[in-house]
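# give me a model of this one.
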Amino acid sequence: MALIFGLVGQGEVTIAEYYMDDLPSDVPGAIPDKGFPEISKVARYILQEKVSTEVSATKRSFGHKRHQFHYRVTKEGLCFMVVTQKTTEEEKGRVKIPYNCIEDILSEFLGTYHVDGHVYREHELNDQFAPIIRSKLEHWNRPDADISKRTKVKVEEVKNQYVDMIDDVVKRGDQAAQLEERASLLQDEGADLRTNTKTMSRKLWWKQKKFQIIAFIACVICTIIIVVILVWALGAAANSGF
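Got it, this is the predicted structure:
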């Protein structure tokens, strides 16, 4: 796969474009395809008939003979398009290259030119931006372009993993502090419970002792009453016998 054409458009207007007449020698399996004027025509057709009707930001791809037309429409209504040509050595892992190139061109354009509310004229920035499109196409045609991109992504992923790990450690530290605080509260509550239990036990013990004393006194009184009654009854019986 080789990147051979790039375009920046707005509505039906082509702001800047670049077509590579000769593919770099380091593109694996590149087949020269000079004098293929249809690429620009097809790109403009897609821009005018397809892109101009898009109502929201989107990404799409279209095939035409040995070429693939990839584009992205931004929320500002700008279109960034690249065209790839099939080669004799289609490498695995390079399917994302066209959109990586588009993102690179998009970033360069938005970082350089005014966008909001500006209406561009046909080829208004072609002299200034066509060389930039060429440099981006050449860069992403290099066999190691996707490797460097993957390396950057991998570094970013590793960095994010370390950030997540640090966040987890911090969260675990907060959780440990919370657990320690809860344990301290439970320990205090346990001490209060033990104190309350001892107080309640003492109260129950005194109530039991009071009940026992009252019961003992009641028994003594009952015994005295019974003894008195028996004595009285025996005395009465003795008097009646004489």
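# please make it C-alpha for all contacts and neighbour counts, starting now.
Will do.
# just give the nearest non-adjacent residue to D104, would you?
K136 (7.2 Å; Cα to Cα, 6 or more residues apart in numbering).
# now that neighbour: phi and psi?
phi -70, psi -40 (degrees, to the nearest 10).
# so it sits against E103, correct?
No: counting by Cα atoms under 8 Å, K136 stays clear of E103, with 10.1 Å between them.
# report the contact partners of the closest residue to H67 other than its chain neighbours.
Spatially, and ignoring its direct neighbours in sequence, H67 is nearest to Q85 (4.6 Å; Cα to Cα, 6+ apart). Residues in contact with Q85 (Cα atoms under 8 Å, 6 or more residues apart in numbering) are 1-4, 66-68.
# gap between the residue nearest to D104 and S184?
Noted for K136: a distance of 63 Å to S184, by Cα to Cα, to the nearest Å.
# same question, A191
Counting by Cα to Cα, the gap from A191 to S184 is 11 Å.
# buried ones in the host helix or strand of Y45?
According to DSSP states H and E, Y45 maps onto helix 38-45. By 16 or more other Cα atoms under 10 Å, the buried positions in helix 38-45 come out as 39-40, 43-44.
# pLDDT on it, on average?
Computed over helix 38-45, the mean pLDDT rounds to 86.
# cool, and stretch 161-176?
pLDDT averaged over stretch 161-176 gives 68.
# rewinding a little: if we look at the helix holding Y45, which residues are touching it?
Contacts for helix 38-45 (Cα under 8 Å, 6+ apart): 5, 12, 14, 19, 69, 83.
# go again using 10 Å as the cut-off
4-7, 9, 12-14, 17-19, 46-51, 62, 64, 67-71, 81-83 (Cα atoms under 10 Å, 6 or more residues apart in numbering).
# my guess is Y18 contacts E138. True?
No: with contact defined as Cα atoms under 10 Å, Y18 does not reach E138; the gap is 11.4 Å.
# joint contacts of the two?
What both Y18 and E138 touch, as defined by Cα under 10 Å, 6+ apart, is the set 4, 132.
# for the top helix by length along the chain, packing partners?
The residue-count maximum for a helix in the chain (DSSP state H) belongs to helix 145-241. Under the contact definition 3 or more Cα pairs under 10 Å, 6 or more residues apart in numbering; DSSP states H and E, helix 145-241 sits against helix 97-110, helix 126-141.
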